Each structure stands twice: as C-alpha cells, then as structure tokens.
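> here's my sequence, what's the structure:
(chains A and B)
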Amino acid sequence: MSGAVEGYGERRHWTSRVAVMRRLDWPLLVAVVVLSVVGALLVRSATFQGLAEQGKDPEGFVKRHVLNLLIGFVLGGVVTVLDYRLLRAYVPILYGVACVGLVAVLSPLGETINGSHSWIVLGGGFQVQPSEFAKVGIVVLLAMILGEPRDGEIGPGVRDVLLALVLAGVPAVLIILQPDLGTTLVFIAVMFGMLTVSGVRKRWLAGLVGAGALAIAAVLLFGLLEQYQIDRFTAFMDPEADPRGAGYNARQARIAVGSGGVFGKGLFQGEQTGGHFVPEQQTDFIFTVAGEELGFVGGAVIVVLLGVVLWRGLRIATQAADLFGTLVATGVVCWLGFQTFQNVGMSIGIMPITGLPLPFVSYGGSATFANMIAFGLLQAVHVRRRAFD
Amino acid sequence: MNSRTHFRLVVLYVMVGALLLVLVGRMWTLQVLEGDHYRDIAAQNRMRDIVVPALRGMILDDRGRPLARNTSSLVVSVDRTTLSRQDDGGEAVLRRLANVLGMSQEEIDKRTRLCSPTVQRPCWPGSPYQPIPVEDHADPKRALQIMERQEDFPGVTAQIQPVRAYPEPEGASAVQTLGYLQPVTQEELDKREGLKVTGYSGVDLVGRDGLEAQYDKALRGEAGYRRVLVDAQGRVTGIAEKKEPVPGNHLVTSIDAGVQGAAEKALEEGIKAARKGGRPADSGAAVVMDVRTGRMVAMASFPSYDPSVWTGGISQKKYDELLGEKNNSPLISRVTQGQGPPGSTFKVSSMAAAVKAGYDLHGTYNCPGSYMVGSRAFNNFQGANLGSMNLHTALVKSCDTIFYKFAHEMWLRNGGRNAPPDAKNPMVEMARGFGFDARTGIDLPSESSGRIPDAPWKRQYWEATREANCRGAKEGYPDVAKTDPGRAAYLKAIAAENCVEGYVWRAGDAANLSIGQGNVLVTPLQLVRAYAAIANGGKLYTPRIGVAVVRPDGSVAERIDPPEPARVPIDEKVLAYMRKALAEVPTDGTAGGAFAGFDLKRVAVAGKTGTAERYGNADMSWFASFGPVKSPRYAVVAMVSQGGFGAQTAAPIVRKVWEAMYGTKDSKPILEDGRLPTDIPKLPGSETAP
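Down below sits the predicted model:
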C-alpha cells in the first residue's frame, strides 16, 4: 500500500505548520468562521438596544463574544495541532476535572440562571458552565473506551459497553441533578450515536432504547421533572394554553421567526428583537434573531452552514485513521447535530424549549470554547486521516 | 474501518440530512407560507394605538361667555392591559401607586375595577382598554415620582389632560341644560366610525345628557392617535404613525348667562321663601323664551348640583345622590321633564276652544260660586260668586265656573256618557293645537310629552289600572283605614266606581280638563311656548337652544335655526283679546299682589296665575307671562311643585326675572333696550390649549 507509506512519510512533518495548514478541512473551517461572524452580528442585534436602554456600552456583549471567539479559535488551533491520540493519556484528567466541576456546580459555589443550576461564578463577571466542557470530556472518554483496538471483534465487548455506560452515567446524573435536561439529552444522543457507530450489536442498542423508554416512564411516574420542565412540555404540546406563562417564549419565538418572512427585516432592524419580546435572545433563542432579521433565506443559510459542519464531521469520521478518531468525530457530530436540531427546532416550534445554545452562533463563553475545542478535535482527526483519500 | 461502522456512519449521514431538511421545511411553512399571519401578530405585539383625545369644544352663551370650557389638569391613569401582564396582575404596582398618591389600597382597587351590574361605583364605567384615571388633580411632585420610576410603575401614566370646567358666568350654571360627560363605553367606541381602538387609548369622554349629549358629535372633534412601538414591557420605544386630533367645535347657545343666572337666583329664592312659608316646594323651574325666534334664553331647574362632581371618578354615594329620589333627582331638568297640572294657566287654551266652538268672544257669562256637573258641585276658587262678566274678566279674575259650564255643555253636545269614541273634543283639540300632549322637539335628548287626557286615554288607563281598582273596591284600603278611615272610605268608593266604569269620559273629567286640573300634565317648556305663541300672534315654535356651531378658528360651521313654526289654530282677534286680558292680570287680576310696585312703565307684563290642586300634596304653583305687552319679546314661566298658589310663589319668581332683564329703579337691566344680541358672538381665535 503505497498510500500508507506516503502517509507514514508525511507523518514526520505533522508538526510543520505548512503541512497542517495543507491538510486542514477548509470547508469546515470556512463554515465555522462564517457561522462565528454571523453569530457575532446576531448577538449584537439581540443586545445593543437593551444595553443602550440601560445606559451601558451597546457593544458590550458583542465585544466579549468576539473575544470569546478569538480565544476559542486559539483553543481549537491548539487542539488541531496536538496529536489527538495523545489525548487518551489525558482522558482520566479531563474526565476528573469535568466531574469535579459538575459537583462544584451542585455545591454552594453554583449559581442558578434560568432555572438551571449550572454555573460557577468566578467573579469579575466571569462564569463557567462545566457541563459544556463535560461534553468534550464524554466524547473523548467514550471514544477511548469504545475505540480500543480489538482483535477480530467487530464491536466493543460487554465490559467495554458497561464501563462506557457507567463512566458516562456519572456526569450525566450530575447534570440531571442541576437540572439541565437539554445537556442530558445531548449526552444521551452522543452516547447512543457513538455506541452505534462503534459497532455495538443491534440487540444491545435495542435494549438501550428499551431501558431509556423505561427510564422516561419512571421519571414521569415518580414526578422527577421540575414543574417548569413540565410546563415547557405542556406549552410545547399546546402553545396557546398559557400565552403569558410557559408558552410565552415559544409563542414569541415563533412570532419573531414567522414575521421575518422570506428575506427578513434586515440586520439590526428586527422590531420583535428590538422590543425584547423573545427572552434569552442572544443565547438560546439567537436563531429567532436570524429568523426575523434575515428571513427564511438567512435562516436557511445558517442551517446549511451547520449542515456543512456536520457533513464534514461525518466525512472526517469516515476517513479517520483509526476507530478512536472515527468515534471522536462521530461524538462531535452527534453533539453538535443534536444541539442544532434542538435549538433551531425550539425556535420554530417543533421542539420543546430546553436551554441549549446554537453551536458557533449563540453567545456564551463556555459553550463557545467547548464548540471550538470540538471543532479542533475534528480538524485534528482530519489532519491525521488515512492518507489514501 | 469495519463495514458495520461504515454502514452506521452512512445511516448517521442520512439522519442528519433528514433532520436538517425537517428544519428547513418547517421554516418554509413558518416564514414563507404563514409569514403574513405572523407579521400581523407581530404588529399587534409591538404596536399600540394611543388615542389622543381632541380638545372638546366649549358651550357658550349668546355673548360668547363660556358655560362649559376646558382646563388642564395632571391626570394619573392606570392601564389595565399592562397591569394584567405583570406576574401578580399588577397588584404590587397598584400598591406602590396608592402609596405615592396617598390613597388607600382599597380605594385604588375600587377605582380601577370595571363596573358591571353587580359592581357598583366607584368603579370604571368606560372601556377596559382605556387608561383609567385614578387621580384627576395630581400633585406635580407625586406625578414626577411616577414618571421617573417607570420601571416601578408599568402601565401608569401621568399626563396633562383637558378637564371640563364650568365657569358659571353671571352665576349661571345651567347644569341640567348643559348635561354632563362620562367615559365612553366599549360599545359606544365599537359603534363609532373611523378609528378603531386597539390596545389602550387616551381618556375619551362622551356627552351623557343635555347639550353635551345632543351636540356631542360637533363638540367632540376628532380624536387623533399615535401608533407607538412598544417593547415587551409595554414601554414606548418610538412612534410609527401619528395623526393630530382635530379639536371640537364650539356651540354657541341662545342662553344668556345674565338672564340664566337671574332666573336661577329667582327660582332658588322663590323656593326658599315658599319653604319658609311652610310649603314643601320640592322642585321647580323658571324658563325664558324669545317669543320672536323660539330660542331659549334661560332654563333654570331646582334642585341643582355642583357640576364639578363629575371630574374624577364619581363615587357611588355622589352618584346615588344625583340620581336618587331622596335628593329629588337634581340631574333632571324640571324645565323639560318636570310635568304637572297647569291649573288656570291652561284657561287660555280652554277659552280659545270655547270661542272656536261657537261661544261669543264678547258675550257675557255668569260666574257663580259653584256649578253642578251632574250631581257633583264644582266650585270656584274659594267658592266666590263673582257675578256676571265677560271672558276678559273671566281670565283676569280666573273664574272657574264659566269654564266648567263650557266643558259640560260641549260634553253634552258630544253625546255625554255615550259619546262616540271618535267624537271631537274642542278642548282637547285646542290643547293639542297649543302643543300640549307632545314633545316640543327642543334640542335636548330628554323631554317629557305631558298629557292631555281624553276619552281614548281614559279607556287605556282604565284597562291598565282595572285590576288594582277592582281589588281596592273589593278589599278596601285597610292600611289607610288604620290611620285615616275617612280617606280609606273615599278611596274605596273611587276604586269601586273606577272598577266598573272607569273607562267612561265623564262630565267631571271634561270640567277638570277645562281648568288644567286632574290628569292634565304640562311641562314648563310647553307652557312657555304656548304663551309665546299667544304673544307672537300664533307662531308655535320648536324651541332651540343651539344657535351656531363655531369652528375653533371662530368661523361658523353651522347655523342652527328653529324650524318653521306651526300655527296655533286661533284667530288673531281672539289672540289680541286674550293678550289684552292677560295684561290686566298683574295690574288688576290674580297677580296684582305679586306685581304690586312693579315698574310697568319699564316693561308691561301680561300673565296668568295657575294653582293646581293635587290630592294629598300642596298646590303646584304656576305663573306664565310675556312682555312687553305692546310688542312682546319674551315669555317667562315659573313652576314650583308644592309651592302653593300661583300668585304666592311662581308669580314673584317671574317678576324677579322680568326685573332682572329690564332693570328696576335700583338695578341696572341685563338687557340693553330689552334686546338680546342677534349676531353670533365673535370668539377668540382659539382657546388656550392646556
């Protein structure tokens, strides 16, 4: 296999900047950069009027967001250059830090924002959301466990699967306790996606689905959901039931998006956005700004750009040099893909409301950093892909 | 990569693609297919129409003095729509507001709740979408606190708004004629053309009675609006559209503040004097009409009230007081709605009817102390036998028996008890010719029609009351018998008679009608118009108060002229005969005492007293007059319910009005040469806007 030799030959130059640049997934990079720029504009649109009304710097949010993005790109770059396989060595540390962070959130250090006890306030206006970083941790952890080289076996063995479930289960439970339903669902999507792609037998997957269904039944039966979560689901099923209460966000989000029409009202021209009718608009409901101001066309462009990210991610998974790389890319795709569908879906009324940001677009330091690390992981896998394609 | 992983990655590709397609498809329906729908909702979401009320036009007297005008006041209002969006339904906001305004929590709650059949004032009778004024005369410092802390007071506004004011020039309040304003109801708003109000609007008032109601459309002007952009908290962030309000037109009336003030004063003094004399004198009216034009110069009604009670959410107590029987309904104008038997003032009609029916105008008639109608004796006033006389003297001395005889004979001529139902009763015909038994058509929203009883009316009345009468005839009146057995027996006898043959138009009915007693009812307005017709040669006017609608810039928008007058069906020579007779009433007749010392050289006044007896009540006192006799200009009528004899209470009131108009040797006349201004007064270009 001459390709393999070539590939092997190039391996020596991996650290060379030029080689990395040449082997980067450029469509992915372009899509993420464009999404980031669009995101920054939307964050500005969602915040400048409100800040001005409060007598604050109208560009305050967007400035901080751009700074977050720059830091994020640096993080992503560092991850890209690192040999992702070396990550395996750091997985226990990553995992441990993530779990400690999640425990800290539940301690008095944690802060409640929007009904979720998911923040640690660092002071000086900085706050960290450990669950975002836990997503990175879980992806790499599961990839390590499920991506172990195995002899002859097509899929991971019983012990690996159980270990994966247990280890992934710890942060998942901590997140449920916050309670952060959205992130829990991301965990489930990531876990299920990675198990599937790792080659686990169908009947085990079916068993997992069954266990999941039982768990949901138990949650509903024993009333483990918070009232506001039940309200959100009720509001999702019947948005007009309580237009001033739980249904308010869903209704206002749909009005903002719907009123955008085909071409939108123009960037920074959104009246619903300007009037703060949609809450949390720079974070969870950023897509409503796009919907109102950029219309169907602008919204579709964002969905397509996110589609490009997912498509390149899957392509990277397919071309990865090893199963570990494939699973890392798969995990990232499941994470970003679920979050995209959930976030856009709740803005246009086909998903219930959960607090998840839109990848690369929403405001939020932790989320931005985590997304950029995920982007770096994809690039890292791609840079070290098999040489024959 | 093994094939299973590869295959499952392909499945993931397909799933991701499918999910993204679902998103784009849903966006297509939401934004492209339903985009217009959501654009509409979005517009409702962020647009509010604020109605900017037009400055209401003034109501002015004949010289341009304002009877009703506007002043400005700092009004604090609460918008229920914004309050209802608060988590606690606005409870906390109202509590803070009560604190700042120094009101009790209970009071503010009551003022902001909506009126309904079960919720009594204080409450908000207007549209729920309008801001509700809770304080009409806010202290600027307190209002400033509210405006500066808008985040604490969502839905609360403090605005300078026009408030109706009543300057009462020359002491003329004329409140019953002016009417009053109340907040417009939602139904009225819905009915109104043009601007449909969505969201909250400015305070909008509508005339509820009197001229304010009659000329509401002209006075109201056209409200403007501001279509403002609001944010989620209801704060105004900008103005999308604006239409300036068009101020209302002014109404110039023929009411002369000087005469009106004098009439009100004379009426009040007259009633006070009657009360001092031991009579109840519960209510009354004094009215002045220009006999040459049919225009109203003064319309005084007693009891009256202070019109300032209307500004700022009237309390149920106050409202009850105004409407209530106990306080004798001061809202009701006794000029147009105070009706009662006119007594001898009615004889002008009966005399004209007799002459028309063939009695000689210059004949001589006997005036015995009593006249037998069937088996019942009908007496003269105090039973006096005045001997034989002509009709002239019959009016001057107010002989009753002559009119009984006329009535009795006419009744017999018609067939007596067995008269055919369509038999024409000359007395009834003439009364209707004088405009009684029908509304005058004055430019006011409410007016009583009075009543001239005749055979068909009696049958109708009998049918309506037969059941009660027959029960009374059978069971008697035990309740009354406990205290007054004589009265109970009388009532039982009458009930028995009425039960059996109450429908019969009897000779006694005809006799009572001839002297304006019994079931006859007239309003002071009807009477003044009838005497004006005698004075002006037979022209029966449709009275008018409005003279012209004048634009704010002073130009005339519309002249209001009384319609072509009807004619009273009497020959001019009969009218002249009556005028001459009536001229002697204040000199040698029944009003001689009341007009003793009256300066007839300044103005010769003709008139007629009226004293109507009502069983169980004190007499109703009337005086109807016109003057100057040679060339009549005005007719003046006074009525005091339970005021005693006409000469006793009503005549002195009328005398005072004449003396005020023409002056005495001690007082200057209100009218120069006895004339009122004929031109529409020049108004200042515009009222100073508040």
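> when you work out contacts or count neighbours from here on, use the C-alpha atoms and nothing else.
Noted.
> low-scoring stretches of the chain, by residue?
In the absence of a named chain, this looks at chain A. Low-confidence segments of chain A (pLDDT under 70): A:1-17, A:113-117, A:123-125, A:151-152, A:223-226, A:229, A:232-246, A:387-389.
> actually chain B
For chain B, the stretches flagged by pLDDT under 70 are B:48-51, B:127-130, B:186, B:188-204, B:233-236, B:311-317, B:324, B:684-690.
> contacting residues around whichever residue of it sits closest to chain A?
Per Cα to the nearest Cα, the residue of chain B with the smallest distance to chain A is residue B:231, at 3.8 Å. With contacts defined as Cα atoms under 8 Å, 6 or more residues apart in numbering or on different chains, the neighbours of residue B:231 are A:272, A:274, A:275, A:276, A:277, B:46, B:237.
> enumerate every residue touching residue 76.
Picked chain A for this. Residues in contact with residue A:76, defined by Cα under 8 Å, 6+ apart, are A:372, A:373, A:374, A:375, A:376, A:377.
> ah, I was thinking of chain B
Here residue B:76 is in contact with B:133, B:134, B:135, B:136, B:138, B:143, B:156, B:157, B:158, B:159 (criterion: Cα under 8 Å, 6+ apart).
> ok, it to residue B:153 distance?
Remark: distance between residue B:76 and residue B:153 (Cα to Cα, to the nearest Å) = 11 Å.
> helix/strand/coil for the residue nearest the centre of chain A?
Here the mean C-alpha position of chain A is nearest to the C-alpha of residue A:336 (Cα atoms, centre = their mean), at a distance of 4.3 Å. When classified by DSSP: H, G, I helix; E, B strand; the rest coil, residue A:336 comes out as helix.
> same thing with the one 3 residues further on?
Look at residue A:339: counting by three-state DSSP, its state is helix.
> list the contacts of it.
Per Cα under 8 Å, 6+ apart, neighbours of residue A:339: A:186, A:356, A:357, A:358, A:359.
> re earlier: near chain B too, which of the contacts of residue A:76?
When the contacts of residue A:76 are checked against chain B using Cα under 8 Å from any Cα of the partner chain, none falls in range.
> which residue is the nearest non-sequential neighbour of the residue nearest to the centre of chain A?
residue A:359 (6.4 Å; Cα to Cα, 6 or more residues apart in numbering or on different chains).
> got it, and residue A:66?
If you skip the residues right next to it in sequence, residue A:66 has residue A:40 as its closest partner in space, 6.7 Å away by Cα to Cα, 6+ apart.
> please apply the same query to residue B:414.
For residue B:414, ignoring the flanking residues on the chain, the nearest one in space by Cα to Cα, 6+ apart is residue B:423 at 6.3 Å.
> can you check residue A:284 too?
Leaving aside its chain neighbours, residue A:284 sits nearest to residue A:357 (4.7 Å; criterion: Cα to Cα, 6+ apart).
> now that neighbour, what's its secondary structure?
For residue A:357, the secondary-structure state derived from three-state DSSP is coil.
> against residue B:284, how distant is residue B:11?
Residue B:11 sits at a distance of 98 Å from residue B:284 (criterion: Cα to Cα).
> likewise for residue A:76?
Here residue A:76 is placed at a distance of 96 Å from residue B:284 (Cα to Cα).
> same check, this time on residue B:546
Residue B:546 sits 23 Å away from residue B:284, taking Cα to Cα as the criterion.
> now do residue B:459
When Cα to Cα is the yardstick, residue B:459 and residue B:284 sit 31 Å from each other.
> now the phi/psi pair for residue B:156, please.
In this entry, residue B:156 is assigned phi and psi values of phi -110, psi 130 (degrees, to the nearest 10).
> check contacts around it.
Going by Cα under 8 Å, 6+ apart, residue B:156 touches B:76, B:77, B:78, B:79, B:146, B:150.
> one more pass at 6 Å, please.
For residue B:156, the contacting residues are B:77, B:78, by Cα atoms under 6 Å, 6 or more residues apart in numbering or on different chains.
> residue B:165 versus that one, what's the distance?
If you measure residue B:156 against residue B:165 using Cα to Cα, the figure is 25 Å.
> residue A:267 now?
52 Å.
> could you do residue B:407 as well?
Taken as Cα to Cα, the spacing of residue B:407 relative to residue B:165 amounts to 52 Å.
> what does residue A:145 give?
Where residue B:165 is concerned, residue A:145 sits at a distance of 87 Å (Cα to Cα).
> on that earlier part again, how many neighbouring residues does the residue nearest to residue A:336 have?
23 (other Cα atoms under 10 Å in any protein chain shown).
> over to residue B:91?
Neighbouring residues of residue B:91 were enumerated by other Cα under 10 Å; the total is 15.
> which residue is the nearest non-sequential neighbour of it?
Here the nearest residue to residue B:91 in space, its sequence neighbours aside, is residue B:83; by Cα to Cα, 6+ apart that works out to 8.0 Å.
> what's the helix or strand for the one you found?
Secondary structure from DSSP states H and E places residue B:83 in helix B:80-85.
> contacting residues around that helix?
Taking Cα under 6 Å, 6+ apart as the rule, helix B:80-85 contacts B:89, B:90, B:155.
> coming back round to it: between residue B:11 and residue B:284, point out the one with more neighbours.
Taking other Cα under 10 Å, residue B:11 and residue B:284 do not tie; residue B:284 has more neighbours (29 against 13).
> check which helices and strands whatever helix or strand that one lives in sits against.
If you go by DSSP H and E, residue B:284 is part of strand B:283-290. Helices and strands in packing contact with strand B:283-290 are listed as strand B:296-302, strand B:634-641; criterion 3 or more Cα pairs under 6 Å, 6 or more residues apart in numbering or on different chains; DSSP states H and E.
> phi first, then psi, for the closest residue to chain B within chain A.
Proximity to chain B, evaluated over chain A using Cα to the nearest Cα, is greatest for residue A:275 at 3.8 Å. Comment: the main-chain dihedrals of residue A:275 come out as phi -90, psi 10, following degrees, to the nearest 10.
> got it, and residue B:103?
Listed backbone geometry of residue B:103 is phi -110, psi 160, with angles given as degrees, to the nearest 10.
> so how many other residues sit close to it?
Neighbouring residues of residue B:103 were enumerated by other Cα under 10 Å; the total is 14.
> now the helices: where do they sit in the stretch 1-150 of chain A?
Taking DSSP state H, counting those that start in this stretch as the criterion, the stretch 1-150 of chain A contains helices spanning A:2-11, A:17-23, A:26-53, A:60-81, A:87-106, A:130-146.
> what does chain B put close to chain A?
B:4, B:5, B:8, B:30, B:31, B:32, B:35, B:38, B:39, B:231, B:232 (Cα under 6 Å from any Cα of the partner chain).
> tell me the contacts of the second one?
Think residue B:5. With Cα under 6 Å, 6+ apart as the criterion, the residues that contact residue B:5 are A:197, A:199.
> again, only this time at 10 Å
Contacts were defined as Cα atoms under 10 Å, 6 or more residues apart in numbering or on different chains; by that measure residue B:5 touches A:154-155, A:194-200, A:317-318, A:323, A:326-327, B:11.
> give me the buried entries from those residues.
Listed as buried from the contacts of residue B:5 are A:154-155, A:194-200, A:317-318, A:323, A:326-327; burial here means 16 or more other Cα atoms under 10 Å in any protein chain shown.
> near chain B too, which of these?
The subset of these within reach of chain B, by Cα under 10 Å from any Cα of the partner chain, is A:154-155, A:194-200, A:317-318, A:323, A:326-327.
> dump those residues to a markdown table, plus distance to residue B:174.
As requested, those are exported to a markdown table (distance: Cα to Cα, whole Å):
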| residue | distance to residue B:174 |
| --- | --- |
| A:154 | 104 |
| A:155 | 101 |
| A:194 | 90 |
| A:195 | 92 |
| A:196 | 92 |
| A:197 | 93 |
| A:198 | 96 |
| A:199 | 98 |
| A:200 | 97 |
| A:317 | 93 |
| A:318 | 95 |
| A:323 | 99 |
| A:326 | 95 |
| A:327 | 93 |
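> lovely, talk soon.
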